[in-house]
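K.L.:
Dropping the sequence and predicted coords here.
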Amino acid sequence: MPVQGSHESSTLLADVPPSTTSQPLPDDDSGSIETQRYDSTNGSNESRNSDLETRSNGGANDMIEDGASDQAPRPGSGKAATESKLLQQYAKSRLCTTFRIWSTELLSLLVAALSLVALVLILSLHQGQPRPQWPYKITVNALISVFIALFKAALLFAVAEGTSQLKWLLFKKPHALADMERIDRVSRGAWGSALNFGAFLTILGLLVDPVSQQIIQDYTCLRNVSNAINSTDARAPRTQTFDTRQRLGPLDYSLVGFEQVAAYNGLMGSPTSSSESIKASCSTGNCTFPAFQSLAMCRSCSDISSTISSNNESGFWNMSLASGATIGAGTLMMTAENKLVNATVFTFDGLLTRIAGWNPASSAAYRCSLFPCIKSYEASVTNGVYSEREVGVDINLTYVDLPKNGFALATNLTLSNTGSFISCNATPYKTSDNTIQIRTDTMTPYDDPFAREYGRLNASTSPAMWYPTRCFWRLGAGFTMAMHSFLFAQISDSWVEILHDYNSLSANETGGDPWTTQLFKEGQATQQSFESFMDGLAWSITGAMRQKSLDSSDLTFVHGQAQREAICIRVRWAWISLAAVVLGLAVLFLCTVIVTAHRSMDYWWQGDWKSSSLALMWHGLDDSAVVRQRHELEKSGEGLLVQQKDLYQSAKRIRVKLIRGDNGWRFSEQ
């Protein structure tokens, strides 16, 4: 009666006893061989179709041993010649057979590798990006779970098949029958998986899933919401030209209200940084700005203590400076304008003593100046708070010798609204872009309004070039004169004096002008404290200049980029390394099994049973072993083995070996 047995991943291996097979069948394309099989138990001939998928399995040189004969049939008969021909054909296709046998497992590893590559690609595309808004509310975490599940399923399938195949290779030599159960546990569960390398991979594969949840981390990030160039979404004030608006008469100017407020705030030390004097616009509360330049007020301070003159003709030491500042006989500090220094908006000297003894050793003097310059800034708004810092080198404007001080400068480079330097490209003639004529000897305007009014420039003798407005910087003479007059009134010829006991410098016993008292710092003034005082004054005046620029709209502001908070993805690549390591070990493990099985392959056993349960049903214990063990159980009184633990304990006492005999492949008791 014909019987056919098959399994989805393995083919039953039939024996072909030479003495009982009436007619050998030729080898077809799939490697199937039809044989006549003799059953020695009942002495009958049973016809049978056994579909042999000639798929090879990598195993060690300790491959399954053929108990009857693993050699080719002897020549001399028609059957022997046919079988020899079959063996020759088999040897030629051995490598192809190996790949066919393991194609499913190799494809599984390829799927696992592609899943890992797809996962890395998706994570790379979304690194540092906001969480995507995909249809049906699919998240990146969901995709990670899908790819990890596919990765784990494909990888564990290949590892399980390779581990299962090892049990057939193991029984080339006698082993306890219980080892069959032990290895099956290795390939299917984590508890038995501590037994060998394949099981170790199983455990690692199970860990990939929870570890993958640590791959991505959410954090708050800022994302651009609009292109804010030339819009009001994000802009910070700047200026290239500035002058006062209030003219009292010829060469007589006065600060307007906001300019006076800025000067007073600066004298009182109100701003502690340039950022505090600037009001920027940012619609979202978070904005960034490209690097930019602006007309600003700069300061300088120096120690001039070596220029102090002293005498004690009256019994007290008197100290003085060439500028007119004098202390002694109750005066602790005095300031005076230094009229010898040009090219500044205002310069003053401060002379002070640090103890009540009024002697030269306790005296100090400092000179400080204000002058216009070009500053470069980097700025941003974070949570509604504007912050800027100075970068690069300050560029001082050139002093213009007009009836009163004025400052101007044309530059060859300037920062564009994108934060990069661009060339000014001056020309010897006027163009649509180059509209300001500049004297090349002083880099100041050729046609200055004060020069026209008072006839101080000779146009016929001054060489000139034409520059664009973005490259021209100017602080008007009107503002220069007005600010000079204001600071002279507040600072020059002011003092600090002792009100009561000459031997005490307590703050409660000194008095004088408020600005000078602040500079004096109870006798602890230093060059650094003078510089801090001048910083506050310069920042405050600069803020007023930038907030009220006289430039056209395109030069009045630097435009930035508005941003909003978003939830972004940070990829922690270290957590994905486990999956990569497991994949590499799985490839190494399966390749080792395949190579080992390939080397041990023979014609009678293709080595493709793997995890097939049908193989055990068709090729179990031989009949003699079953009868003998049943007899032993009856003698011991154990009877029928019903529970799994009883089966396992009994199997531990039996040592078997897989042998091909007259009844086919059987586990023979050793």
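P.N.:
It's in. Numbering: from 1, shown residues only.

K.L.:
longest helix of this protein?
P.N.:
helix 140-170 (DSSP state H).

K.L.:
So what touches the secondary structure element (helix or strand) that Leu519 belongs to?
P.N.:
Using DSSP states H and E, Leu519 falls within helix 514-520. The contact list for helix 514-520 (CB atoms under 8 Å, 6 or more residues apart in numbering) reads 267-269, 332-335, 350, 352, 490-491, 494-496, 510-512, 525, 529-530, 533. The way it works is simple: take the backbone N, C-alpha and C, and place the C-beta from them, glycine included.

K.L.:
Just give me the neighbour total for the nearest residue to Ser529 once chain neighbours are set aside.
P.N.:
With CB to CB, 6 or more residues apart in numbering as the criterion, Ser529 has its nearest non-adjacent residue at 5.6 Å, and that residue is Lys521. Number of residues near Lys521 (other CB atoms under 10 Å) recorded here: 17.

K.L.:
looking at it, Lys521 is touching Ser532, isn't it?
P.N.:
No: Lys521 is not in contact with Ser532 according to CB atoms under 8 Å; the separation is 10.0 Å.

K.L.:
And the residue nearest to Ser529, what's its pLDDT?
P.N.:
Looking at Lys521, its pLDDT stands at 82.

K.L.:
now the one 10 residues further on
P.N.:
Among the per-residue scores, Glu531 shows a pLDDT of 94.

K.L.:
same question, Ser294
P.N.:
Among the per-residue scores, Ser294 shows a pLDDT of 94.

K.L.:
How confident is the prediction for Ala426, by pLDDT?
P.N.:
At Ala426, pLDDT is 88.

K.L.:
Once you drop chain neighbours, what's closest to it?
P.N.:
Closest residue in space to Ala426, ignoring its immediate chain neighbours: Met465 at 4.2 Å, by CB to CB, 6+ apart.

K.L.:
measure the one you found to Glu337 for me?
P.N.:
37 Å (CB to CB, to the nearest Å).

K.L.:
now swap in Arg235 and tell me
P.N.:
38 Å.

K.L.:
With neighbour numbers in mind, choose between the two.
P.N.:
Arg235 (22 against 19).

K.L.:
what helix or strand is that one on?
P.N.:
strand 234-237.

K.L.:
is it true that Ala579 touches Phe151?
P.N.:
Yes: Ala579 is within contact range of Phe151, at 6.3 Å (criterion: CB under 8 Å).

K.L.:
what do these two both touch?
P.N.:
Common neighbours of Ala579 and Phe151 (CB under 8 Å, 6+ apart) are 116, 119, 208.

K.L.:
Switch those residues over to CSV; also include neighbour count and secondary structure.
P.N.:
Below are the shared contacts of Ala579 and Phe151 laid out as CSV (neighbours: other CB atoms under 10 Å; DSSP: H, G, I helix; E, B strand; the rest coil):
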residue, neighbour count, secondary structure
Leu116, 21, helix
Leu119, 21, helix
Val208, 22, helix
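
K.L.:
So which of those residues is the closest to Ser553?
P.N.:
Leu119 (50.9 Å; CB to CB).

K.L.:
ok now do the closest residue to that closest one other than its chain neighbours, which residues does it touch?
P.N.:
Spatial nearest neighbour of Leu119, chain neighbours left out: Phe147 (4.4 Å); criterion: CB to CB, 6+ apart. Taking CB under 8 Å, 6+ apart as the criterion, Phe147 is in contact with 115-116, 118-119, 122.

K.L.:
picking that back up, hang on, the residue nearest to Ala426 in a helix?
P.N.:
No: if the criterion is DSSP: H, G, I helix; E, B strand; the rest coil, then Met465 is strand and not within a helix.

K.L.:
number of nearby residues for it?
P.N.:
Met465, neighbours per other CB under 10 Å, totals 18.

K.L.:
That one against Pro428, yeah?
P.N.:
Yes: Met465 sits in contact with Pro428 when judged by CB under 8 Å, with a separation of 6.0 Å.

K.L.:
overlap in contacts of these two?
P.N.:
Counting by CB under 8 Å, 6+ apart, nothing touches both Met465 and Pro428.

K.L.:
For the lengthiest strand in the chain, which helices and strands make contact with it?
P.N.:
Scanning the chain for the longest strand, with DSSP state E as the assignment, gives strand 363-382. Strand 363-382 sits against strand 286-288, strand 292-303, strand 346-353, strand 385-396, strand 406-410, helix 527-547, with contacts defined as 3 or more CB pairs under 8 Å, 6 or more residues apart in numbering; DSSP states H and E.

K.L.:
Can you tell me the SS state at Val496?
P.N.:
strand.

K.L.:
Pull the contacting residues for it.
P.N.:
331-334, 352, 510-513, 516-517, 520 are the contacts of Val496 under CB under 8 Å, 6+ apart.

K.L.:
Let's see that with 7 Å instead.
P.N.:
332-333, 510, 512, 516-517, 520 (CB atoms under 7 Å, 6 or more residues apart in numbering).

K.L.:
Then Leu201 would be within a helix, right?
P.N.:
Yes: counting by three-state DSSP, Leu201 is located in a helix.

K.L.:
In space, what's closest to it - neighbours in sequence excluded?
P.N.:
Closest to Leu201 by CB to CB, 6+ apart is Val159, at 4.9 Å.

K.L.:
I'd guessed the one you found sits against Gly198; true?
P.N.:
Yes: under the criterion of CB atoms under 7 Å, Val159 makes contact with Gly198 at 5.6 Å.

K.L.:
okay, and the common contacts of these two?
P.N.:
Phe589.
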